[in-house]
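Colleague: based on what follows, work out the 3D shape:
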Amino acid sequence: MSDKTVVTLKKSCAVDLQALSLRLGIISNVDTPWTQKELAKLLEEAGLQGVFEPELIIASTDAGAEKPGKRIYIYAAERAKVAVSACVFVGENLAEVIGAQVAGMHGQLKPVPVHYADL
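Modeller: Predicted coordinates:
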C-alpha cells in the first residue's frame, strides 16, 4: 500500500467520523519551536487539511504539558470548549490512553498497524 493510499484511507475514515458530527482533534508532543501552526502545516502537507479543527490541533509546547500528563488533555478539552468527560482519546500508547483517562476523558487503545510495529 502506498503512502498516498494510507493518507486517503485515513482521511476517508476521518470524514466518516465528521459525518457523525464528531469533532476531530490531534494532540502531539513536540519540541520547541514547534507549535500548533507548524503541526497544522505538517498535516496539510500530509493531505489532511480540513480533517482536524484548527483549534483542536494541540501542540504540547502550546499546552505547556505533554502526554501522558493529564494537563494536556484538559487543555485540549478547554480548547474544544467541552467537558473533559465529553472527549474521547484514541491512541496506540497505553500510557497516553491511561493519561487521558486520569484526566477524565474516555480512552481507547488502538492496535499498532503491523507494518509499523517493527519500526
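
Colleague: pick out the residue nearest the middle of the chain.
Modeller: Ile26 (2.2 Å; Cα atoms, centre = their mean).

Colleague: phi, psi of that one?
Modeller: Ile26 adopts backbone torsions of phi -140, psi 140, taken as degrees, to the nearest 10.

Colleague: ok, the one 5 residues further on next?
Modeller: Listed backbone geometry of Asp31 is phi -100, psi 150, with angles given as degrees, to the nearest 10.

Colleague: contacting residues for it?
Modeller: Taking Cβ atoms under 8 Å, 6 or more residues apart in numbering, we find Asp31 in contact with Thr61. All C-beta atoms are positioned from the backbone trio N, CA, C, and that covers glycine.

Colleague: next, the contact list for the residue nearest to the centre of the chain, please.
Modeller: Counted by Cβ under 8 Å, 6+ apart, Ile26 has contacts 39, 43, 52, 56-58.

Colleague: go with 10 Å
Modeller: The contact partners of Ile26, by Cβ atoms under 10 Å, 6 or more residues apart in numbering, come to 36, 39-40, 43, 48, 51-53, 56-59, 76.

Colleague: which ones among these map onto strands?
Modeller: 57-59 (DSSP state E).

Colleague: closest one to Val97 out of those residues, please.
Modeller: Among the ones in strands among the contacts of Ile26, Ile58 lies closest to Val97 (Cβ to Cβ), at 15.8 Å.

Colleague: quick check, the closest one in contact with Gln36.
Modeller: Yes - with contact defined as Cβ atoms under 10 Å, Ile58 reaches Gln36; the gap is 7.0 Å.

Colleague: can you list residues touching both of those two?
Modeller: Joint contacts of Ile58 and Gln36 (Cβ under 10 Å, 6+ apart) are 26, 28, 30, 79.
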